[in-house]
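Enquirer: Fold the following for me, if possible:
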Amino acid sequence: MVKKLLHTRYRVTDLEKTVSFYKDVLGLKETRRHTSGRGSQLVFFKASDSEEEVEICKFDASGPVIVGPDLTHLAFEVDDMEKFAAEAKAKGYPLSDGPHPNGRGGAIAFIDAPEGYEIELIQVAPKKD
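Expert: Residues are numbered from 1 along each chain as shown. You can find the predicted model right below:
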């Protein structure tokens, strides 16, 4: 039996452009970087309040990266959707959809990473005391 989710991997063509997006636009922390035994270039990221990591992989020997629509996405919580959207747009990454109210007092939106992977952003409703 598995115990817990450790990381999710996304293979990319332009490693440094994608690394910049995860660091500078999403604000994730790079936790480690290395080349695997088979030659994959790997960079791991972590959100500040998460244990799980995102692994970005460049491995040209696997052929071209083909990102299918609606196949997979990552979802991240944001504190302030409007502020995030404005800062991301200023860095060249406007929201691709939303924000939309989620019916629970929060909102959801989407942004596309450089390779075309979709990122979901969720603003949770403020807790009521």
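Enquirer: For the closest residue in space to T72 that isn't next to it in sequence, give its distance to I56.
Expert: Spatial nearest neighbour of T72, excluding adjacent residues (C-beta to C-beta, 6 or more residues apart in numbering): Y117 at 7.4 Å. (C-beta placed from N, C-alpha, C; glycine too.) Distance from Y117 to I56, counting by C-beta to C-beta, to the nearest Å: 10 Å.
Enquirer: And the next helix or strand past the longest helix along the chain?
Expert: Ordering each helix of the chain by length in residues (DSSP state H) puts helix 81-90 first. Using DSSP states H and E, the next helix or strand after helix 81-90 towards the C-terminus is strand 95-101.
Enquirer: what sits up against the helix or strand following that following strand?
Expert: Per DSSP H and E, the first helix or strand lying C-terminal to strand 95-101 is strand 107-112. Strand 107-112 is contacted from outside by 25, 73, 81, 85, 88, 93-102, 118-123, using C-beta atoms under 8 Å, 6 or more residues apart in numbering.
Enquirer: mind checking the end-to-end distance for stretch 39-48?
Expert: Terminal residues of stretch 39-48 are spaced 29 Å apart (C-alpha to C-alpha, to the nearest Å).
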